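J.: Have a look; sequence and predicted model below, questions after that.
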Amino acid sequence: MMRRSLLIVAACCVCTLGLPSHVSVHAQEDNQPPEGFRALFDGSTLDGWVGMPHFNPYDLAAMTDEERAEYFKQQQPGIDAHWRVDDGAIVNDGDGPYLTTAESFGDYELWIDYRTVPLADSGIYLRANPQVQIWDWTEEGGKWNIGADKGSGGLWNNSAGAAGKDPSELMDRPFGEWNRFRIRQVGERTSVWLNGTLVVDHARMENFWKRDQPMMRRGPIQLQTHGGEIRWRNVFVREIGPEEANEILASHGQSDFESAFNGQDFTGWAGPVDNYEINDGVLRCKPHQGGTIYTEKEYADFQVRLEFKLPPGGNNGLAIRYPGNGDTAYVGMCELQVLDSEHEKYANLDARQYHGSAYGMAPAARGYLREVGEWNIQEVTVRGSTIKVELNGFLILDTDLAQISEYMANSPHPGKERTSGHFGFAGHSDPVEFRNVMIRSLD
């Protein structure tokens, strides 16, 4: 039985949840962008777009500029044969390479309309990563066995059972009508609105190309073609800056957390607090000072969410299940590095010493810090012997310390089996800053 009853009127305007106040609440028509956005399609040409099929973006990044230009040149006949502009819409016949922005994007919001036909399916690649799915959602389409009955908008290449793989509601309109996506991606955290309804809520988009690594930090948007005509129009993008990105990441599930730092004094903290200072809600290690300050409260399983800012070459750490004395990297469960990893003086460190790593034990993925002097946001989840570190929306560490038996410099870590302890900051003489320190117990 077709689930047609679920297609009850969806609002034509894009849902405004989460938009900053300066952004217009309605998408414009006729390929004219709303305030704060710019058009990726001018309504009459394919300027700004190139051709690229389902192709590994890591291989593309490894090319020289000349090799990349030649690669796109080779794809152009396929674009010319299968893509065109008709009556203010981009039209594809169901074949050929995917239409791909020449520009790459990091954190951004995309608004795009599409109209498709029976038996076709398609999708939108984000940073060249598949994909926000577009289905023929009907039983006649023949793909209910792989999720088409759930409707469009899901992150179809996520692992089975992972958040976001399937949309929360079927919101596709009947064939012949235009559908409207609003897609927001901050780090890997992806939200999808289809026809005004939130169908994917802040889910991690998995890296299709390297499952054990975070997504690429930047990449193009691709319009997939697969098996039938699809039309696209009103393609608008708004890039999201670091401050707004942090606000978006901090707001998700905010009510579940409690403040661990009041922004005014060291109430609730212990250790060498005189080596730190507080100014305008920011906690900072004094230059040439250090030591580990820590919460008076102890935690077993917990999440901590905070923002930090690094000076050039800055070095600090997060004390996890710290006993209250000693070097937390060894006597605590671990120290999670807070480090300006790309500074030249750190060029030859062990991989287990860079930012986000469980010091001396487990290396984090590199390349996801913001520029020095900008605020980063980080969330750490500690459950049993496992630790996850999400930096600026990218999962850079996912490890089980109980499985680790090899250590940097063969130094033992007797504290790694600790099941509870304090949370803190392990200063190393540099004026690293912290703010908005929020913790929630998972016990």
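T.: Looks like it came in fine. Numbers count the residues shown, from 1 in each chain.

J.: who's in contact with Gly421?
T.: Shown in contact with Gly421 (C-beta atoms under 8 Å, 6 or more residues apart in numbering): 298-299, 320-324, 332-333. The way it works is simple: take the backbone N, C-alpha and C, and place the C-beta from them, glycine included.

J.: Let me see the domain layout of the protein.
T.: Annotated domains of the chain cover 4-240, 248-441 [automatic domain parsing].

J.: These: lowest mean pLDDT?
T.: Mean pLDDT values for the domains of the chain show the minimum at domain 4-240, a mean of 91.

J.: residues in contact with the helix or strand hosting Val50?
T.: Assigned by DSSP states H and E, Val50 belongs to strand 49-52. Identification of contacts with strand 49-52 by C-beta under 8 Å, 6+ apart yields 40-41, 60, 71-72, 75-76, 78-79, 96-102, 128, 220, 222.

J.: again, only using 6 Å
T.: For strand 49-52, the surrounding residues in contact (C-beta atoms under 6 Å, 6 or more residues apart in numbering) are 72, 75-76, 78-79, 97-100, 102.

J.: Would you mark the buried spots in that strand?
T.: 49-52 (16 or more other C-beta atoms under 10 Å).

J.: And stretch 194-212, by the same measure?
T.: Residues 194-200, 202-209 are the ones in stretch 194-212 that count as buried (16+ other C-beta under 10 Å).

J.: which non-adjacent residue is nearest Met216?
T.: Of all residues not flanking Met216 in the chain, Arg127 sits nearest, at 5.3 Å (C-beta to C-beta, 6 or more residues apart in numbering).

J.: Can you give me every residue that contacts that neighbour?
T.: Counting by C-beta under 6 Å, 6+ apart, Arg127 touches 215-216, 219.

J.: repeat that with 10 Å
T.: 57, 104-106, 108, 185, 188, 205, 207, 215-222 (C-beta atoms under 10 Å, 6 or more residues apart in numbering).

J.: Quick check: ChimeraX command selecting the buried ones in the contacts of strand 49-52.
T.: In ChimeraX syntax, the buried subset of these is picked out as below (16+ other C-beta under 10 Å):
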select :72,75,78,79,97,98,99,100
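
J.: biggest separation within the contacts of strand 49-52, which pair?
T.: Gly78 and Ala102 (15.8 Å; C-beta to C-beta).

J.: Please report how far the residue nearest to Met216 lies from Lys73.
T.: The gap separating Arg127 from Lys73 is 23 Å, by C-beta to C-beta, to the nearest Å.

J.: And the contacts of Gly421, which is closest to Glu239?
T.: Nearest to Glu239 among these is Ile320, at 34.1 Å by C-beta to C-beta.

J.: Surely that closest one is within a helix?
T.: No - assigned with DSSP: H, G, I helix; E, B strand; the rest coil, Ile320 falls outside any helix and is strand.

J.: Strands of the stretch 201-350 of the chain, start to end?
T.: Using DSSP state E, counting those that start in this stretch, the strands found in the stretch 201-350 of the chain span residues 222-223, 230-239, 258-259, 269-270, 276-279, 282-285, 290-299, 302-309, 315-322, 334-339.

J.: before we move on, what SS does the nearest residue to Arg68 once chain neighbours are set aside have?
T.: Spatial nearest neighbour of Arg68, chain neighbours left out: Leu60 (6.5 Å); criterion: C-beta to C-beta, 6+ apart. Following three-state DSSP, the label given to Leu60 is helix.

J.: Could you verify my assumption that Leu60 touches Gly219?
T.: Yes - using C-beta atoms under 10 Å, Leu60 is in contact with Gly219, at 9.0 Å.

J.: what sits in contact with each of those two?
T.: 100, 128.

J.: And the two? Which one has more around it.
T.: Gly219 (21 against 17; other C-beta atoms under 10 Å).

J.: and the more buried one, what is it in contact with?
T.: Here Gly219 is in contact with 57, 60-61, 100-101, 103-106, 125-129 (C-beta under 10 Å, 6+ apart).

J.: 7 Å instead?
T.: By C-beta atoms under 7 Å, 6 or more residues apart in numbering, the residues touching Gly219 are 57, 104, 127-129.
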